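1. Mind folding the following:
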Amino acid sequence: MKKSDLREKYLKKRESFSKEQVLSLSEKIFRNFTDNFKLSENQKVHCFLSIPEKGEVDTKLFLNEFFKRDIRVFVPKIYRKKLISVEITSETQLIKNSWGISEPESNEDSGETDFDYVITPLLYCDQHGNRVGYGKGYYDGFFETVNPKTLKIGLNFFGPYEEIADLRENDIPLDYLVTPTEVLSFLGTGSKSTK
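-> A predicted model of the protein is given here:
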């Protein structure tokens, strides 16, 4: 299927979930993440701030855990048509931008490229780690700037069922996908489940 069709299909599927379903599935995804990825003090994690109106996986669970474990947290912000990485703490005040997305007030790019994990939003991911986002290409551009050893981890309610027909040369695949039922690795040749 084409990205535009997959985007439409999975947006609709996600919008059909109640708030309670989103929270319940998000908790399962969070548990799968913490069971499968090592977390330790002073790690650097870049994590998206979820948009509840879009039915995204709730990342508040992740952020609270990172702060509790003294992990350095960075969040994305679109500034001058580019995704920058802003470091936040548990005290950082978030404000809603013109699209209703919560973000830090600061426009100061941390310049950090050496993350342990980049936790990535998506609408769909195929069995090779290729993702369908919202179509702006911000994360592909961001992935090009981070250390190649950084693990790119997608969070999604759905597993990889369909091929993406219109991949581009500059599409950068994920290393892992965490769903409510499994963690898939795309490192090496093709995907394999860790559960």
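2. mind listing the strands for this structure?
-> 44-47, 72-79, 82-88, 94-96, 102-104, 117-120, 124-125, 131-132, 151-155, 176-178, 183-185, 192-193 (DSSP state E).
3. Provide the strand pairings for the fifth one, with the direction of each partner.
-> Spelled out, that is strand 102-104. Looking at strand 102-104 with DSSP bridges, its paired strands and their directions are strand 94-96 (antiparallel).
4. possible to save the strands of the chain as TSV with mean neighbour count?
-> Heads up, the C-betas are built off the backbone N, CA and C, glycines and all. Formatted as TSV, the entries for these read as follows, by neighbours: other C-beta atoms under 10 Å:
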stretch	mean neighbour count
strand 44-47	24
strand 72-79	19
strand 82-88	19
strand 94-96	10
strand 102-104	17
strand 117-120	24
strand 124-125	28
strand 131-132	24
strand 151-155	23
strand 176-178	26
strand 183-185	19
strand 192-193	12
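5. Relative to Y138, which of those strands is closest?
-> Each of these was checked against Y138 via C-beta to C-beta, and the shortest separation belongs to strand 82-88, namely 4.2 Å.
6. thinking again about what came up before, for the strands of the chain, give me TSV that also has distance to E144 and mean pLDDT.
-> Output for the strands of the chain, formatted as TSV (distance: least, C-beta to C-beta, whole Å; pLDDT from 0 to 100):
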stretch	distance to E144	mean pLDDT
strand 44-47	14	98
strand 72-79	14	95
strand 82-88	11	95
strand 94-96	27	91
strand 102-104	22	92
strand 117-120	12	98
strand 124-125	19	96
strand 131-132	14	94
strand 151-155	11	97
strand 176-178	19	97
strand 183-185	22	96
strand 192-193	26	46
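7. need those strands in a markdown table with distance to R7, can you?
-> As requested, the strands of the chain are arranged in a markdown table below (distance: least, C-beta to C-beta, whole Å):
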| stretch | distance to R7 |
| --- | --- |
| strand 44-47 | 22 |
| strand 72-79 | 18 |
| strand 82-88 | 18 |
| strand 94-96 | 24 |
| strand 102-104 | 22 |
| strand 117-120 | 15 |
| strand 124-125 | 7 |
| strand 131-132 | 5 |
| strand 151-155 | 15 |
| strand 176-178 | 17 |
| strand 183-185 | 20 |
| strand 192-193 | 25 |
